[in-house]
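Student: Mind folding the following:
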Amino acid sequence: MPAPRPIASMETGALTSQPIGHYEFCERNAAECDIKSRSAPAPKLSARGWEMARDINKAVNARYIARTDKESYGREEVWAYPTTFADCEDFALEKRKELAAAGFALSDLLMTVVRKPDGEGHAVLTLRTSDGDFILDNLDNDIMPWYATSYTFLKRQASFNTGRWVTIENGRDVLVGALR
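Tutor: This next block holds a predicted model:
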C-alpha cells in the first residue's frame, strides 16, 4: 500500500468573511480590492519565475523590521504597505505588490489567514502554480508547499475577486489516505 500523498493545492469552499484588517485596507485602497479575474488554471512557473519569487520573498523579509500593529499603530489588525516596520500581513501585501509588478497575476497571489501551532493568527501569501500552492512567509525565507508548513489554513482571498474571501476546506487534513 503506497504512503498517503500530500494534496498539492488547497481546496477552497464557500465565500466567507473578509478579515477586518483587509476590509479596512480595502476602504483605503478601493481600487485594489475589486479586481475581478476569470477562472483560469494556475500557471506553470518557469525557472525565472521561481527565481523572482524567491528573490522577492527574501528581499522583502530582509527589508523591514518585524513589529506588531499594536507597537506600530497602537491597535490590532492594521493591514498596510510597510515603510520601516511590518507585521505578517504587511510583509505579505508587499510581496504581493512586488510580484504583481513583476508580471504575476493577482489571481495567483492570494492573501491567506492561518493559525500557527501555538494558536496565534498569522497571514502569509499563497502563490498558486500548476505544481500546487506555495507559501511566502515572513517567518521563513524558503518558499514552501502549503502542506509542508506547520499551519492550519483558515481562509484566503478568492482567485476571482481581490475583495472576496473563501474558506479552505482541507486546511487541516492535508494528507489523503484510504483504508480497505
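Student: Could you pull out the strands in the chain for me?
Tutor: For the chain, applying DSSP state E gives strands covering 5-6, 12-16, 65-66, 85-86, 109-115, 121-129, 132-137, 140-145, 152-158, 161-168, 175-176.
Student: Kindly reformat the ones you listed as CSV containing distance to residue 54 and mean neighbour count.
Tutor: Yep, even glycine has a C-beta here, placed from its N, CA and C like the rest. Below are those laid out as CSV (distance: least, C-beta to C-beta, whole Å; neighbours: other C-beta atoms under 10 Å):
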stretch, distance to residue 54, mean neighbour count
strand 5-6, 21, 11
strand 12-16, 25, 14
strand 65-66, 20, 12
strand 85-86, 19, 20
strand 109-115, 15, 23
strand 121-129, 11, 23
strand 132-137, 9, 23
strand 140-145, 6, 14
strand 152-158, 21, 22
strand 161-168, 24, 20
strand 175-176, 26, 10
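Student: Nearest approach to residue 92 belongs to which of these?
Tutor: strand 121-129 (4.2 Å; C-beta to C-beta).
Student: what is residue 161 paired to in the beta sheet?
Tutor: residue 36, residue 158 (DSSP bridges).
Student: beta partners for the most centrally placed residue in the chain?
Tutor: Residue closest to the average C-alpha location in the chain (C-alpha atoms, centre = their mean): residue 125, at 2.1 Å. Beta-bridge pairing of residue 125 under DSSP bridges involves residue 111, residue 136.
Student: and it, what pLDDT?
Tutor: Model confidence at residue 125, expressed as pLDDT, equals 98.
Student: gap between it and residue 61?
Tutor: The gap separating residue 125 from residue 61 is 11 Å, by C-beta to C-beta, to the nearest Å.
Student: Only the buried residues of the helix ranked longest in the chain, if you could.
Tutor: If you go by DSSP state H, the chain has its longest helix at helix 47-63. Applying a neighbour-count criterion of 16 or more other C-beta atoms under 10 Å, one finds 49, 52, 53, 56, 57, 60, 61 buried in helix 47-63.
Student: Tell me the helices and strands packed up against that helix.
Tutor: helix 88-101, strand 132-137, strand 140-145 (3 or more C-beta pairs under 8 Å, 6 or more residues apart in numbering; DSSP states H and E).
Student: So for it, mean pLDDT?
Tutor: 98.
Student: could I get that helix in CSV with only the CA atoms?
Tutor: Backbone C-alpha positions of helix 47-63 (Å, rounded to 0.1, in the frame of the first residue of the first chain) are rendered in CSV as follows:
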residue,chain,number,x,y,z
ALA,A,47,12.9,28.8,-13.6
ARG,A,48,13.0,32.6,-13.9
GLY,A,49,9.6,32.9,-12.3
TRP,A,50,10.7,30.8,-9.3
GLU,A,51,13.9,32.8,-9.0
MET,A,52,11.9,36.1,-9.0
ALA,A,53,9.5,34.7,-6.3
ARG,A,54,12.5,33.5,-4.1
ASP,A,55,14.3,36.8,-4.6
ILE,A,56,11.3,39.0,-3.7
ASN,A,57,10.4,36.8,-0.7
LYS,A,58,13.9,37.1,0.7
ALA,A,59,14.3,40.8,-0.1
VAL,A,60,11.0,41.8,1.5
ASN,A,61,11.8,39.7,4.6
ALA,A,62,15.1,41.5,5.0
ARG,A,63,13.9,45.0,4.2
